[in-house]
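>>> can't give you the sequence, but here's the structure:
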């Protein structure tokens, strides 16, 4: 009965962990020191949320939260492919940050009505912290959209290119029908996706950034097995790494980008089995 | 004359457990203790973490447990971390605010935001060193999840502001 709750919370946790890890890659490398601090802090929040969510899963299944975060095989992670993509450049980093945090805000707002009290309390806490991520992302979008043409163009292109994978954040979770029936998930993923499209389309209009969100919607289909490059195709950290198809993250289909990330993320855990920290 | 109970002694012990990242304040000053229950020799303490991702949480859990076990008459201490209700800065006591300020960390101002959309940095931050309001935000993020970075244009000191959340 709680399997679908576990699936829901795991998907949320995996998104936060994997994107948190990408954000942490800016530590020491961001284009200015204040952004170094900002992305490091956002990463710490996201990974902290993941830890709390894994703790919730563990309290249901009796598993170990560290094992959930660091001890699974690649195809057992349920994050959206968007979260595993390399940071590329500042334009892509901001486009993804903005799209992800607005998507996250939509689903967390819906989850305040979840039938699971513990998840509801945690979501309420997370939303208060996530507010600063949204403000950060919005501030950068405004700053660049009011700046020189080069930055505007690059940001616009990055948003346009990123939208299809951002929509996949709303790929249905496993056992979604049951999660809806039990009230764990108060609204279906496609309803949440429509809210996200409305919100981001309106925001882009206000910013006068002619990046298209809505037109991608019809084109989006979730085909779990269609992921263009599965992990054994060798490392590729470039933007062209893959593919047309981005769906399938919620079913454990990931790209070679995740192979590299997973290897870094879990290295210490795999190197020292049973270590406590 | 009131009689001091074991529960009072537990609260006293908690008042000596310092925040590992802001050692000027205790977990009681910070309003992190939601409840203390004592039944026989068993104490149960419910702690509200200030921020979900705060790396000090496991240390706080351990320190709380150790402190409570040190109270005469207590044989077992259960420490529960809870997000219900969400910790908000209005839980910080007057004493806690004073101690934060002396530490060089501007305490949060105003009432805790009710709506998520109202959460944000204060329009005016007061410098904890010289009291000036002639300050500006340098970064909404800082060295820990709970702090934002400011600069005082009057006394030329950088300072940190506890984030409203």
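Yep, that arrived. The structure presented is a predicted model; accordingly, all values stated were derived computationally and were not measured.

>>> which ones are touching residue A:133?
With contact set as Cβ atoms under 8 Å, 6 or more residues apart in numbering or on different chains, residue A:133 has these partners: A:42, A:45, A:97, A:101, A:104. C-beta: built from backbone N, CA, C; applies to glycine.

>>> could you redo the last one with a cut-off of 10 Å?
Counting by Cβ atoms under 10 Å, 6 or more residues apart in numbering or on different chains, residue A:133 makes contact with A:23, A:38, A:41-42, A:45-46, A:97-98, A:100-102, A:104-105, B:140-141.

>>> surely it forms part of a strand?
No: using DSSP: H, G, I helix; E, B strand; the rest coil, the assignment for residue A:133 is helix, not a strand.

>>> distance of it relative to residue A:49?
10 Å (Cβ to Cβ, to the nearest Å).

>>> overlap in contacts of the two?
residue A:104.

>>> if we can go back for a sec, and the contacts of residue A:133, which of them are in helices?
Taking DSSP state H as the definition of helices, the contacts of residue A:133 contribute A:23, A:38, A:41-42, A:45-46, A:97-98, A:100-102, A:104-105.

>>> the residues you listed: which ones sit near chain B?
Contacts with chain B within the ones in helices among the contacts of residue A:133, counted by Cβ under 10 Å from any Cβ of the partner chain: A:38, A:41-42, A:45-46, A:105.

>>> got a markdown table for those, with neighbour count, distance to residue A:114 and pLDDT too?
Putting those into a markdown table (neighbours: other Cβ atoms under 10 Å in any protein chain shown; distance: Cβ to Cβ, whole Å; pLDDT from 0 to 100) gives the following:
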| residue | neighbour count | distance to residue A:114 | pLDDT |
| --- | --- | --- | --- |
| A:38 | 24 | 30 | 97 |
| A:41 | 26 | 27 | 96 |
| A:42 | 26 | 24 | 97 |
| A:45 | 24 | 21 | 96 |
| A:46 | 31 | 20 | 98 |
| A:105 | 19 | 16 | 98 |
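
>>> closest one of those to residue B:57?
Nearest to residue B:57, judged by Cβ to Cβ, of those is residue A:45 at 13.2 Å.

>>> now the closest one: how far from residue A:160?
Here the criterion is Cβ to Cβ. By it, residue A:45 lies 28 Å from residue A:160.

>>> where do the strands of chain B begin and end?
Taking DSSP state E as the criterion, chain B carries its strands at B:18-19, B:22-26, B:33-39, B:42-47, B:76-81, B:105-106, B:135-139, B:147-152, B:158-162.

>>> which one of those lies nearest to residue A:63?
Closest to residue A:63 of the strands of chain B is strand B:76-81 (Cβ to Cβ; 18.0 Å).

>>> just checking: what are the partner strands of that closest one?
strand B:42-47 (parallel) (DSSP bridges).

>>> kindly calculate the angle that the strand it pairs with makes with strand B:33-39.
Angle, strand B:42-47 to strand B:33-39, by axes from the mean of the first three to the mean of the last three Cα atoms, to 10 degrees: 170 degrees.

>>> now strand B:42-47: buried residues?
Within strand B:42-47, the residues that count as buried by 16 or more other Cβ atoms under 10 Å in any protein chain shown are B:43-47.

>>> ok, stretch B:26-45 next?
Buried-residue list, stretch B:26-45, by 16+ other Cβ under 10 Å: B:26-33, B:36, B:38, B:43-45.

>>> tell me, how many residues neighbour residue B:123?
9 (other Cβ atoms under 10 Å in any protein chain shown).

>>> and it, what does it touch?
Here residue B:123 is in contact with B:109-110, B:133, B:137 (Cβ under 10 Å, 6+ apart).

>>> put together JSON lines for the residues you listed, with neighbour count and pLDDT on each row.
Formatted as JSON lines, the contacts of residue B:123 follow (neighbours: other Cβ atoms under 10 Å in any protein chain shown; pLDDT from 0 to 100):
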{"residue": "B:109", "neighbour count": "15", "pLDDT": "79"}
{"residue": "B:110", "neighbour count": "10", "pLDDT": "73"}
{"residue": "B:133", "neighbour count": "12", "pLDDT": "96"}
{"residue": "B:137", "neighbour count": "14", "pLDDT": "93"}
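
>>> among these, which one sits closest to chain A?
Sorting the contacts of residue B:123 by how near they are to chain A, with Cβ to the nearest Cβ, puts residue B:137 at the top with 10.2 Å.

>>> just checking, that closest one touches residue B:152?
No: contact criterion Cβ atoms under 10 Å: residue B:137 and residue B:152 do not qualify, at 11.4 Å.

>>> what do those two both touch?
With contacts defined as Cβ under 10 Å, 6+ apart, the residues shared by residue B:137 and residue B:152 are residue B:125.

>>> and the ones in helices among the contacts of residue A:133, which two are furthest apart?
A:41 and A:102 (19.1 Å).

>>> who's in contact with residue A:20?
Taking Cβ under 10 Å, 6+ apart, we find residue A:20 in contact with A:42-51, A:83, A:265, B:53.

>>> helix/strand/coil for it?
Here residue A:20 takes the helix state, with states given by three-state DSSP.

>>> measure the closest residue to it other than its chain neighbours to residue A:83 for me?
Distance criterion Cβ to Cβ, 6 or more residues apart in numbering or on different chains; nearest residue to residue A:20, sequence neighbours excluded, is residue A:46 at 3.2 Å. Going from residue A:46 to residue A:83 by Cβ to Cβ gives 10 Å.
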